[in-house]
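Novice: sequence? don't have it. structure:
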C-alpha cells in the first residue's frame, strides 16, 4: 500500500482503557491518514516538539486537567474507545499471561495483574481482581474521557461490525483518507495481524466472548461492580443462563490452548 500523507492531518491522541482495541484502531487510523503512530505510557516519555503535525499517539491515562492541558497545548485531539467492560477484563486476563507490560498501566497503581496470571475467568482470584480497585481504575480511563467536550467517541463493537464505515467516520474528524479504506481494513484484519506479532495484542477480537466464559453468578458479580460503566456506554449484560460451569471452563481451556498461544 503506497504511503501518501494528508498534509492537513491532525495530531490524534487515542486515550482509552487497555484492551479496548486501541492498537488496532490506532494503526488503521494512522494508515488511512498516512501518518506515523506510536504508544507511550506517560507524557514524560514524549517529546512533542519532535513529532510531525500529523501523528497518532496512544496512551492509557485517566483524565486530569494537567494532562488535558498538555494534550491541547501540543495540538492533540482526543479519540476514546469504549468496549464492553466484561470483554475488556477477559482480554486483560489473557494478555497478562503472556506480557509483562500491564504492570506499567497507570504507573502500576493501584496494584497490578500479577495475581491473575494463572487465574481463570470463574476463579475467585480473577473475580476479586475484576471487581476490585485496579480493574475499576483501568475501566475508568475510557469513561473519564467519554463525555468530555471535543472528544471523539467510538465503540470497539461497531468497528468489528462495520470497520470501513466506522473508520471513515473517525478519519473524517482528523483529515482525509489518503488510501482506499477497504485496503486499510484488509491490511489490518485480526487474523492477518495475529501471526505478525509476538506480544499477543491480537487475540480473539470477538465481542461478547465473556458470555461463553462467565456463568450467571460470576456475571452478576461483575454487573454489580461495574453498573456505572455499563450505564455510561449503554451496554447491557445478559449472561447465558444455559452455560454451565463445566462448559465455561472448557471454553476457556479452548481459547488459551497452547497451540493457539503462539499466534494469540
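Specialist: Perfect, I can see it now. Predicted model only: the values in this text are computed from it and were never measured.
Novice: ok, and for the helix or strand hosting residue 167, which residues are buried?
Specialist: Following DSSP states H and E, one finds residue 167 within helix 163-174. Using 16 or more other Cβ atoms under 10 Å as the test for burial, helix 163-174 gives 163, 164, 166, 167, 170, 171, 174. C-beta coordinates here come from the backbone N, C-alpha and C atoms, glycine included.
Novice: thought residue 26 was touching residue 36?
Specialist: No. Under the criterion of Cβ atoms under 8 Å, residue 26 is not in contact with residue 36, lying 10.9 Å apart.
Novice: what do the two both touch?
Specialist: residue 56 (Cβ atoms under 8 Å, 6 or more residues apart in numbering).
Novice: how close does residue 96 sit to residue 254?
Specialist: Counting by Cβ to Cβ, to the nearest Å, the gap from residue 96 to residue 254 is 19 Å.
Novice: ok, these two, which is more surrounded?
Specialist: Remark: of residue 96 and residue 254, residue 96 carries more neighbours, 24 against 10, as counted by other Cβ atoms under 10 Å.
Novice: for that one, list the residues it contacts.
Specialist: Contacts of residue 96 by Cβ under 8 Å, 6+ apart are 102, 113, 114, 116, 117.
Novice: just the buried ones from the residues you listed?
Specialist: Buried by 16+ other Cβ under 10 Å: 102, 113, 116, out of these.
Novice: pLDDT added to these, as a markdown table?
Specialist: Below are those laid out as a markdown table (pLDDT from 0 to 100):
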| residue | pLDDT |
| --- | --- |
| 102 | 89 |
| 113 | 95 |
| 116 | 95 |
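Novice: more neighbours: which of residue 26 and residue 36?
Specialist: Each of residue 26 and residue 36 has its neighbours counted (other Cβ under 10 Å); residue 26 has more, 22 against 13.
Novice: what's the helix or strand for the more buried one?
Specialist: Going by DSSP H and E, residue 26 is part of helix 22-33.
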